[in-house]
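Visitor: Build the 3D model from these lines:
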Amino acid sequence: MTIVDRRELELLSQPQAGPCVSIFLPTHRSGIEARQHDTVLFRSLLQRAEQMLAAQGTRAPEIEALLAPAQRLLVDNAFWTGQLQGLAVYLAPGQLSWYRLPMAIEEQVIIGDRFIIRPLLPLLTLNTHFLILALSQSSWRLFDCTRHSWEEVQTTTDLESLAPEPDLPETRKPLTLGSEDATARADSLRYLRQVSRDVTSVLPSANLPIILAGVDTTVADFREVSDLPRIHDQAVLGNPDTTHPRDLHAAAWALLEPKLKATREAAGERYQQLRGQRDQRASNDVAQVVAAAGAGRVETLFVSRRAEVLGHFDAETGEATLTLDDTGTDLLDLAAAQTLVHGGHVYASDEALPDEGPLAALYRY
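Guide: Numbering: from 1, shown residues only. Next up is the predicted model:
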């Protein structure tokens, strides 16, 4: 599996049958010694999981069957060759899921009645799914991106193979930008219109923002002729054919990040305003927030990445209670999972929250 996204986190948040094992470990991108270190650490964490399962009363044959898929990963050289900075492995009876992480993560083994997702939530903090469309007069490339990743998904459209176009409506005829040669200009716009149609046919989603990359005249011409939705008002200017995709991605992210930060800051300010007014739509009470998240009421959740609050949640009554010992599930993780499942926004980081305590929530109502 590749980098985890919001959809995958929602799937992981679903109830599972039998004991659920969540394993997290730091990994290395390359090097034989690094791979050996990673496999030794992973073997150690599997042994820890085995001991924890046995201490909870799980029978030896069930432990062996549960951990067997992960044991097979230990001898899969290709698996360890393609690692990033961290790895998350999830095991349940008959199920194995793993995710390479583009961020450092602490080693940890957690056994419970559900998977733990909170260590992965920073992947969604100030993150978004977006596209980069790199344009030139002879080719185009489409990249599917998140904050931490990019992947080229399509390259096509040959100018010489384009069929003649019918007359365009008067509103689309004026050639106000670009080459002084009218024939070359018309060919260029015809090509860019075809690019727009081709990109439309392969878009992963019509709801994703699109960052254009290209020289200023090509970008301007494409905006003039394209009907693509959600084209960002700023672009990465320059020749994309001579720019590494890594640098295109960094430049595109620099255009998106300020807006995402502003959205988070606005949510934090709204929380503080509502709390100052004693408005019930803002709360930092863990039990109340967990219950509200389970009911789909949490619009935005700020949650500590490292803190842990144990307790129990009754799905039938919708009530959450805290425990005074070391039993129960991590209620902060449960609040985050339920917020995601119901379409809310989650911000998880080690930065200061907008209020005292390990979480803060804005309710929809």
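Visitor: Going by C-alpha atoms from here, please, whenever you check contacts or count neighbours.
Guide: Will do.
Visitor: Could you tell me whether residue 232 really is in a strand?
Guide: Yes - per DSSP: H, G, I helix; E, B strand; the rest coil, residue 232 lies within a strand segment.
Visitor: how near is it to residue 213?
Guide: Distance of residue 232 to residue 213, given as CA to CA, to the nearest Å: 11 Å.
Visitor: For the stretch 251-365 of the chain, just list every one of the helices.
Guide: 286-294, 331-341 (DSSP state H, counting those that start in this stretch).
Visitor: Those: which one's closest to residue 128?
Guide: Ranking those by proximity to residue 128 (CA to CA) places helix 331-341 first, at 14.1 Å.
Visitor: Excluding covalently adjacent residues, which one is nearest to residue 142?
Guide: Among residues not flanking residue 142 along the chain, residue 133 sits closest, at 4.7 Å (CA to CA, 6 or more residues apart in numbering).
Visitor: secondary structure element for the one you found?
Guide: Using DSSP states H and E, residue 133 maps to strand 130-135.
Visitor: Give me the average confidence score over that strand.
Guide: Taken as a whole, strand 130-135 has a mean pLDDT of 95.
Visitor: other SSEs contacting it?
Guide: Strand 130-135 sits against strand 140-145, strand 210-214, helix 245-276, with contacts defined as 3 or more CA pairs under 8 Å, 6 or more residues apart in numbering; DSSP states H and E.
Visitor: With mean neighbour count added, can I get the ones you listed in CSV?
Guide: Converted to CSV, the helices and strands packed on strand 130-135 look like this (neighbours: other CA atoms under 10 Å):
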stretch, mean neighbour count
strand 140-145, 21
strand 210-214, 26
helix 245-276, 16
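Visitor: how about those in a markdown table, adding mean pLDDT?
Guide: Formatted as a markdown table, these follow (pLDDT from 0 to 100):
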| stretch | mean pLDDT |
| --- | --- |
| strand 140-145 | 92 |
| strand 210-214 | 97 |
| helix 245-276 | 94 |
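Visitor: among these, which is nearest residue 70?
Guide: Residue 70 sits nearest to strand 140-145 of all the helices and strands packed on strand 130-135, at 28.9 Å, using CA to CA.
Visitor: Give the other helices and strands that the closest one contacts.
Guide: When contacts are defined as 3+ CA pairs under 8 Å, 6+ apart, strand 140-145 packs onto strand 130-135, strand 150-155.
Visitor: burial count for the nearest residue to residue 16 once chain neighbours are set aside?
Guide: Spatial nearest neighbour of residue 16, excluding adjacent residues (CA to CA, 6+ apart): residue 114 at 6.0 Å. Counted with other CA atoms under 10 Å, the neighbours of residue 114 add up to 24.
Visitor: close enough to count as contact, residue 114 and residue 91?
Guide: No - Residue 114 is beyond contact range of residue 91, at 10.1 Å (criterion: CA atoms under 8 Å).
Visitor: Go ahead and measure how far the worst-scoring helix or strand of the chain on mean pLDDT is from the middle of the chain.
Guide: Here the helix or strand of the chain ranked lowest by mean pLDDT, DSSP states H and E is helix 6-12, holding a mean of 77. Computed by CA atoms, centre = their mean, to the nearest Å, the chain-centroid distance of helix 6-12 equals 9 Å.
Visitor: Now the element after it, going C-ward?
Guide: Next along from helix 6-12, by DSSP H and E: strand 20-26.
Visitor: what comes into contact with that following strand?
Guide: By CA atoms under 8 Å, 6 or more residues apart in numbering, the list of residues contacting strand 20-26 from outside reads 38, 41-42, 45, 49, 85-93, 104-116.
Visitor: nearest to residue 365, of the helices and strands packed on strand 130-135?
Guide: Residue 365 lies closest to helix 245-276 among the helices and strands packed on strand 130-135, at 12.3 Å (CA to CA).
Visitor: tell me the angle the closest one makes with strand 140-145.
Guide: Orientation check (axes from the mean of the first three to the mean of the last three CA atoms, to 10 degrees): helix 245-276 against strand 140-145 gives 40 degrees.
Visitor: helices and strands around helix 245-276, which ones?
Guide: Taking 3+ CA pairs under 8 Å, 6+ apart as the contact cut, helix 245-276 packs with strand 130-135, strand 150-155, strand 231-237, strand 282-283.
Visitor: which other helices and strands contact the longest one?
Guide: In terms of contacts (3+ CA pairs under 8 Å, 6+ apart), strand 231-237 is packed against strand 210-214, helix 245-276.
Visitor: by contact count, what packs against the shortest one?
Guide: Translated: strand 210-214. Secondary-structure packing of strand 210-214 (3+ CA pairs under 8 Å, 6+ apart): strand 130-135, strand 231-237.
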